[in-house]
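> A structural model of the following input is requested.
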Amino acid sequence: MAIKEILKLGNPELFKACKKVEKLDSNETLQTIQDLKDTLQNFQKINGFGRAIAAPQIGIIERIIFVDFPTENLFGPLINPKIVWQSQEKIQLWDDCFSFPELLVKVERAKEIKVEYSTPFGEVASISAKNDFSELLQHEIDHLDGILSVQRAIGGTAFALRSEWKKLGKNGSS
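From the prediction side, this is the model:
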């Protein structure tokens, strides 16, 4: 088990574009996947939320994300994911991030997307996503491109602190 430190907003590593993973089943890639899984599960245990993490958030500048999205039956790594289709229809929602867990950012994203990715076994797979699942995958793929949701904020008032929302009785991810 290897729980890694999650890099926080302001760390320049978060703004780097990741390199493509060439050896999908290398020991290094498999270790990164395990570290992402362990770090995600630890964050969930401590904070009570969280559905995915990207490799650059633990300082590894490679195109790997680990997703835990039970309602979509997705638990595992996506290596070299890329959006191959997106709807013209957009949605706006409040986004959160492990790299700034107290901050919520209102963003606009494609309502539906299709993502292709590789598995550690070299298989090419695809997944279609709608609504908040679509937003989650777009958020994580942005991390791989060095883009944070604060850069996608829809305006100057598109920010809120999670603690303030809780005081107001709002759900931080709606």
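
> What's the local residue count around Lys106?
Burial of Lys106 is recorded as 17 neighbouring residues (other C-beta atoms under 10 Å). The way it works is simple: take the backbone N, C-alpha and C, and place the C-beta from them, glycine included.

> Strands along the chain, start to end?
52-54, 64-69, 74-86, 90-95, 103-110, 112-118, 124-130, 159-161 (DSSP state E).

> any weak-confidence spans in the chain?
Applying pLDDT under 70 to the chain picks out residues 1, 171-174.

> buried residues in the longest helix along it?
Taking DSSP state H as the criterion, the chain has its longest helix at helix 27-47. Using 16 or more other C-beta atoms under 10 Å as the test for burial, helix 27-47 gives 29, 32-33, 35-43.

> before we move on, what about stretch 144-160?
For stretch 144-160, the neighbour count (16+ other C-beta under 10 Å) marks 144, 146-150, 152-153, 158, 160 as buried.

> ok, now stretch 75-94?
77-81, 86, 91, 93-94.

> ok, the most centrally placed residue in the chain to Gln92 distance?
With distances taken as C-alpha atoms, centre = their mean, the chain has Glu140 as the residue nearest its mean C-alpha position (2.8 Å). Distance from Glu140 to Gln92, counting by C-beta to C-beta, to the nearest Å: 18 Å.

> What of Lys106?
Here Lys106 is placed at a distance of 6 Å from Gln92 (C-beta to C-beta).

> Now for these two: what residues contact both?
Ile154 (C-beta atoms under 8 Å, 6 or more residues apart in numbering).
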